[in-house]
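Engineer: give me coordinates for this.
(chains A and B)
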Amino acid sequence: MPKSDLRDEMKAAAEPLLPVERKLIVWSLALGVALLVVLVLINRVLPLG
Amino acid sequence: MLTTVSEATLSITAAGPPRLSEDWLAVAIGLGVFALALLSLGGVDALGWVATTSVWIDPGAALAPASKAYASLSGPGALLLTYLALLAVLSAGAAALGEDVKRFAIAFTAVFAIAYACWFVGSAARLAAVTPADQAKYGLAWSLKLTSEGGFIIALLAGLAIANFFPNFAERLRSAIRPELYIKIAIVILGAFIAVTAAGKLNLASSLLLRGLAAIVEAYLIYWPIVYLIARKGFGFSREWSAPLASGISICGVAAAIATGGAIRARPQVPVLVSSLVVIFAVIEVLILPVLAQAFLAREPLVAAAWIGLAVKTDGAAVAAGGITQSLIQAKAAAEGINYQPGWMLSVTAAVKVFIDVFIGVWAFLLAHIWANRVNPRPGQKAKAIEIWARFPKFILGFIATFAIALALALATPAGASGKLAAAIGEANVLRVIFFTLTFFSIGVMSNFRKLWADGLGKLAAVYLVSLIGFVVWVGLLISWLFFAGVKPPLAS
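Structural biologist: Below is the predicted model of the structure:
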């Protein structure tokens, strides 16, 4: 990829977020936070060592 | 097939099509080393000739074969034999990867010579002696207390100097600059070392593995969506750039960026350029984070180790940074009279990385499915389940195999005979250290800062910097603290 092409790409107009992208972001974060809470609780019940 | 930057660049110089992937090659070499090490349980010392360097004040007495059974070889003889053995095995590997063997052999000779020289310098007592007792033993009033693993940093700096000040020489070394191959071989060997270390304290070890699940959640479900959102909304990147960038920053650097690029059918240049960026930032992290860990987390060694595994991207840099962190924190603790059993911090960092790696294939499949069906739907283009296997980092199978076999042997060995297994794995570990050194040097040689900047990657670097400093480092620290605070490695007896 020539340097000028890459620089032009960086300046190109932003693509709007599609609904599926929003869904991917929101669901990943929600699931991630929920699973972390569960794991922290397990960690309290089964301490290391 | 999972590829890396080095594979991408090698495609320019390859002599023929590869007959083996880099991952499978790493598994073959790592298992070969492991098998040779185990022969000593049957009375055949097959790796005792490998050269090792002890902390030295007299350079002439620093080198020696790993086993006294090979004392007649002398240090330089053992080093020559080690070089020839690695040259033969890796040249055969280069042939299997479809590379020009002659070009590889010449480049590897220079790479090995420089990297081992760095390791040797790093073992000088002035740099490596840690405790007051060590300093007294070598007649020193002061030392940098880096342990001999300071040699990794010297190798990295030497590589960086070559990449940035002698680019023509760096280009000549290129065919033997394979950090991903070297670290994957080292990780396969590391599996056995971790198992022998863990066998003595099985409850703690199994608990540590359980905590690896938190690392998976953090990398894929917390980091990834936030970085993707920052890249898309904050910096206006297209989907084609944002997805590999998010994977590169969040998951496992090079492998994840390239797997994601393939999954969303990005142009090949996109993940390769993102991977270059990941490697550069990994170098910076390797230089800075272990020092910060020693300064602020010395009393929480396992928090530091897990944090390094979560914050530093690319397998090579993360495990390498874990090794340095372990050395620095152990040195600081030893100076205060606390002697932790070696291996535990490195094991935590490696376990965190390995857990994260395992899911690259699943994540790439998920993204491929979403992109093929919802983002860029094209008739007849559907993600296939076999892609999960195709993108699975196979070297992890080697790690699991050496870990499982060594653990089973350790648990089956009577307490009185356990030293024999530890000694056998210790000899393999000497080679693991050499592969680590080759990795550090290679990462340095791949990191031409000026070229990267000239390619116009400043805006991509900005996303990386914002994500890394903005939350990757802090969320990683928080999660590591939640799971590892108050847990210490066992003390050395």
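
Engineer: if you average pLDDT per helix and strand, which one of chain A comes out bottom?
Structural biologist: Here the helix or strand of chain A ranked lowest by mean pLDDT, DSSP states H and E is helix A:3-11, holding a mean of 60.

Engineer: list the buried residues for the next helix-or-strand element following that helix?
Structural biologist: As assigned by DSSP states H and E, the chain's next helix or strand after helix A:3-11 is helix A:19-45. By neighbour count on 16 or more other Cβ atoms under 10 Å in any protein chain shown, the buried set for helix A:19-45 is A:21, A:24-25, A:28-29, A:32, A:35-36, A:39, A:43. Just so you know, the C-beta spots here come from the backbone N, C-alpha and C atoms, and that holds for glycine as well.

Engineer: near chain B too, which of the residues you listed?
Structural biologist: A:21, A:24-25, A:28-29, A:32, A:35-36, A:39, A:43 (Cβ under 8 Å from any Cβ of the partner chain).

Engineer: relative to chain B, which of the residues you listed is nearest.
Structural biologist: Checking these against chain B by Cβ to the nearest Cβ gives residue A:32 as the nearest, at 2.8 Å.

Engineer: who's in contact with the closest one?
Structural biologist: By Cβ atoms under 8 Å, 6 or more residues apart in numbering or on different chains, the contact list for residue A:32 reads B:217-218, B:220-222, B:225.

Engineer: measure it to residue B:239 for me?
Structural biologist: Distance, residue A:32 to residue B:239, by Cβ to Cβ, to the nearest Å: 21 Å.

Engineer: among the ones next to chain B among the buried residues of helix A:19-45, which one sits closest to residue B:67?
Structural biologist: residue A:43 (42.6 Å; Cβ to Cβ).

Engineer: quick check: the gap between the closest residue to that closest one other than its chain neighbours and residue B:348.
Structural biologist: Ranked by Cβ to Cβ, 6 or more residues apart in numbering or on different chains and with sequence neighbours excluded, the top spatial neighbour of residue A:43 is residue B:483, at 5.5 Å. From residue B:483 over to residue B:348 the distance is 10 Å, taken as Cβ to Cβ.

Engineer: residues contacting stretch B:474-490, please?
Structural biologist: For stretch B:474-490, contacts defined as Cβ under 8 Å, 6+ apart pick out A:36, A:39-40, A:43, A:48-49, B:200-201, B:204, B:211, B:214-215, B:218, B:222-223, B:300-307, B:310-311, B:340-341, B:344-345, B:348.

Engineer: got the buried residues for the helix or strand hosting residue B:89?
Structural biologist: Residue B:89 belongs to helix B:75-96 when assigned by DSSP H and E. Applying a neighbour-count criterion of 16+ other Cβ under 10 Å, one finds B:75, B:78-79, B:81-83, B:86-87, B:89-91, B:93-96 buried in helix B:75-96.

Engineer: same question, stretch B:63-77
Structural biologist: Counting neighbours by 16+ other Cβ under 10 Å, one finds that the buried residues in stretch B:63-77 are B:63-67, B:70, B:73, B:75.

Engineer: how many residues are close by residue B:475?
Structural biologist: The number of residues packed near residue B:475 is 17, by other Cβ atoms under 10 Å in any protein chain shown.

Engineer: so which helix or strand takes in it?
Structural biologist: Counting by DSSP H and E, residue B:475 is found in helix B:473-484.

Engineer: just residue B:64 next, same as before
Structural biologist: Per DSSP H and E, residue B:64 falls inside strand B:63-65.

Engineer: what separates residue B:241 from residue B:469, distance-wise?
Structural biologist: As judged by Cβ to Cβ, residue B:241 and residue B:469 stand 20 Å apart.

Engineer: more neighbours: which of those two?
Structural biologist: Neighbour count, other Cβ under 10 Å: between residue B:241 and residue B:469, residue B:241 has more, with 26 against 10.

Engineer: for residue B:225, see how far away the residue nearest to the more buried one when sequence neighbours are not counted is.
Structural biologist: Closest residue to residue B:241 apart from its sequence neighbours, by Cβ to Cβ, 6+ apart: residue B:270 at 6.0 Å. Residue B:270 sits at a distance of 19 Å from residue B:225 (criterion: Cβ to Cβ).

Engineer: ok, residue B:101 next?
Structural biologist: Residue B:101 is 45 Å from residue B:225, by Cβ to Cβ.

Engineer: quick one, which of the two is more surrounded?
Structural biologist: For residue B:101 versus residue B:225, the count of surrounding residues by other Cβ under 10 Å is larger for residue B:225: 22 against 18.

Engineer: contacts only, for the more buried one.
Structural biologist: So residue B:225 contacts A:24-26, A:28-29, A:32, B:246 (Cβ under 8 Å, 6+ apart).

Engineer: need those in JSON lines (columns: distance to residue B:182 and pLDDT).
Structural biologist: Output for the contacts of residue B:225, formatted as JSON lines (distance: Cβ to Cβ, whole Å; pLDDT from 0 to 100):
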{"residue": "A:24", "distance to residue B:182": "35", "pLDDT": "96"}
{"residue": "A:25", "distance to residue B:182": "36", "pLDDT": "96"}
{"residue": "A:26", "distance to residue B:182": "40", "pLDDT": "97"}
{"residue": "A:28", "distance to residue B:182": "33", "pLDDT": "96"}
{"residue": "A:29", "distance to residue B:182": "36", "pLDDT": "96"}
{"residue": "A:32", "distance to residue B:182": "33", "pLDDT": "95"}
{"residue": "B:246", "distance to residue B:182": "27", "pLDDT": "94"}
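
Engineer: brilliant, that's me finished.
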